[in-house]
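> below is the sequence, then the predicted model.
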Amino acid sequence: MYVNTKDILEKASKEFYAVPAFNINNLEFLIAILEGAVEKNAPVIIETSEGAIKYAGNGDPIRGAKFFVNLVKGYADTLNIPVALHLDHGKNLEYIAAAIKAGYSSVMIDASHEPFEENLKITKEVVKWAHAAGVSVEAELGQLAGIEDNVSAEENVLVDPQQAKIFVEETGVDFLAPAIGTSHGAFKFKGEAKLDFERLEKVKKLTNIPLVLHGASSVPAKYVELAEKYGADLGGAKGVPAEEIKKCVKLGINKVNTDTDLRIAFLAGLRKNLTENVKEFDPRKYFKEGMQFVKDVVMDRLEFLGASGKA
Ligand SMILES: O=C(COP(=O)(O)O)NO
Ligand SMILES: [Ca+2]
Ligand code: NA
Ligand SMILES: [Zn+2]
């Protein structure tokens, strides 16, 4: 059933487990994710970036947002697990408005590259709009290095726990993404994975709302190696070890954003299948292996985040 993200995350926050938020851009990833969640009898969050909405709507945000709401709601309403649809890294108010109007469960307003007061002001605005439409809101404090759709930040700027307390009280935001050292994409960390657990613990104590971990892909070696075996070049890919993510969940992370892992798993399956079946030209056949690998990554993540069986 199609639900509000806040309902999924409030339950997770009370019981100290986490629910993965998987990014999609197409039908194949959506089917693989939902079937994996059904098999694990788990809640799941589907999220689309502004780039995904642009892609699905061929440049038109209203068409793209409606397309995803109908696709996800249509499929979710035939299932017995809770499914939410979330706008990831909303920065452009046109896209945020389109997502709210189309019927997304929740939207992220990411104004974390702005000065604190500006981020607070914009977030307050979006919370007012979204709540009036029954839509929940995520915001971000601090910055993740690496590329985020249309904003690239050089350095990691870690969240200030005191600021987080004020921000949550003033904005009424439903869940918060505190930057604690992760970054987006397949090439994380210069050296070893370094997450600031003490900082995370303080933010949870001071805000006491569901928290979100961005840049949480683990970049599993087995799919990187398989993709490279069939011609990909992902040299030096590195992610967040599952053990580190589990520590974050114990400290109060409840939504775990995962995009890169699904991309690499699908890539490995697609390259392998196309290479081994040179006569095949039915996409329902040659996408299958990649979809299976995505489903496997989804089920593994639902398991180690503690979301399995929580539907
Ligand atoms: O934070 C993410 C995904 O991060 P990854 O690149 O680590 O999958 N989406 O908002
Ligand atoms: Ca940001
Ligand atoms: Na998000
Ligand atoms: Zn992110």
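It's in. Ligands and ions are numbered 1, 2, ... in the order given.
> for ligand 1, what are the nearby residues on the stretch 151-300 of the chain?
184-185, 214-217, 257-261 (C-beta under 6 Å from any ligand atom). Every C-beta, even on glycine, is put in place using the N, C-alpha and C of the backbone.
> of those, which pair is most distant in space?
His214 and Asp261 (13.4 Å; C-beta to C-beta).
> compare these two (neighbour count), which wins?
His214 (29 against 26; other C-beta atoms under 10 Å).
> go ahead and confirm that one touches His184.
Yes. Counting by C-beta atoms under 8 Å, His214 does reach His184; the two are 6.8 Å apart.
> is the lengthiest strand in the chain in proximity to ligand 3?
Using DSSP state E, we find that the single longest strand of the chain is strand 83-90. Yes. Using C-beta under 5 Å from the ion, strand 83-90 reaches ligand 3 at Asp88.
> do that strand and ligand 1 meet?
Yes. Counting by C-beta under 6 Å from any ligand atom, ligand 1 is contacted by strand 83-90 at 88-89.
> can you name the next helix or strand after that strand?
Per DSSP states H and E, the first helix or strand lying C-terminal to strand 83-90 is helix 93-102.
> and that following helix, what's buried?
Buried residues in helix 93-102, counted by 16 or more other C-beta atoms under 10 Å: 95-102.
> what of stretch 9-23?
Result for stretch 9-23 [16+ other C-beta under 10 Å]: buried residues 9-13, 17-23.
> tell me, which of those make contact with ligand 2?
Answer for these near ligand 2: none qualify (C-beta under 5 Å from the ion).
> just the ones of those residues in strands?
Short answer: these in strands (DSSP E) are 19-23.
> output the contacting helices and strands for the longest strand of the chain.
Under the contact criterion of 3 or more C-beta pairs under 8 Å, 6 or more residues apart in numbering; DSSP states H and E, strand 83-90 touches helix 5-15, strand 19-23, strand 44-48, helix 50-56, helix 61-76, helix 93-102, strand 106-109.
> for it, what is the average pLDDT?
The average pLDDT for strand 83-90 rounds to 98.
> one more: stretch 17-35?
pLDDT averaged over stretch 17-35 gives 98.
> how long is it end to end?
Across stretch 17-35, the terminal residues are separated by 21 Å (C-alpha to C-alpha, to the nearest Å).
> coming back round to it: right, and the helices and strands packed on strand 83-90 - which one's nearest ligand 1?
strand 19-23 (5.8 Å; C-beta to the nearest ligand atom).
> restrict the closest one to CA atoms and write it as PDB.
Output of strand 19-23 as PDB, limited to C-alpha atoms (Å, rounded to 0.1, in the frame of the first residue of the first chain):
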ATOM      1  CA  VAL A  19      14.500   1.600   6.000                       C
ATOM      2  CA  PRO A  20      16.400   2.000   2.700                       C
ATOM      3  CA  ALA A  21      15.400   4.700   0.300                       C
ATOM      4  CA  PHE A  22      16.300   3.400  -3.200                       C
ATOM      5  CA  ASN A  23      16.700   5.800  -6.200                       C
END
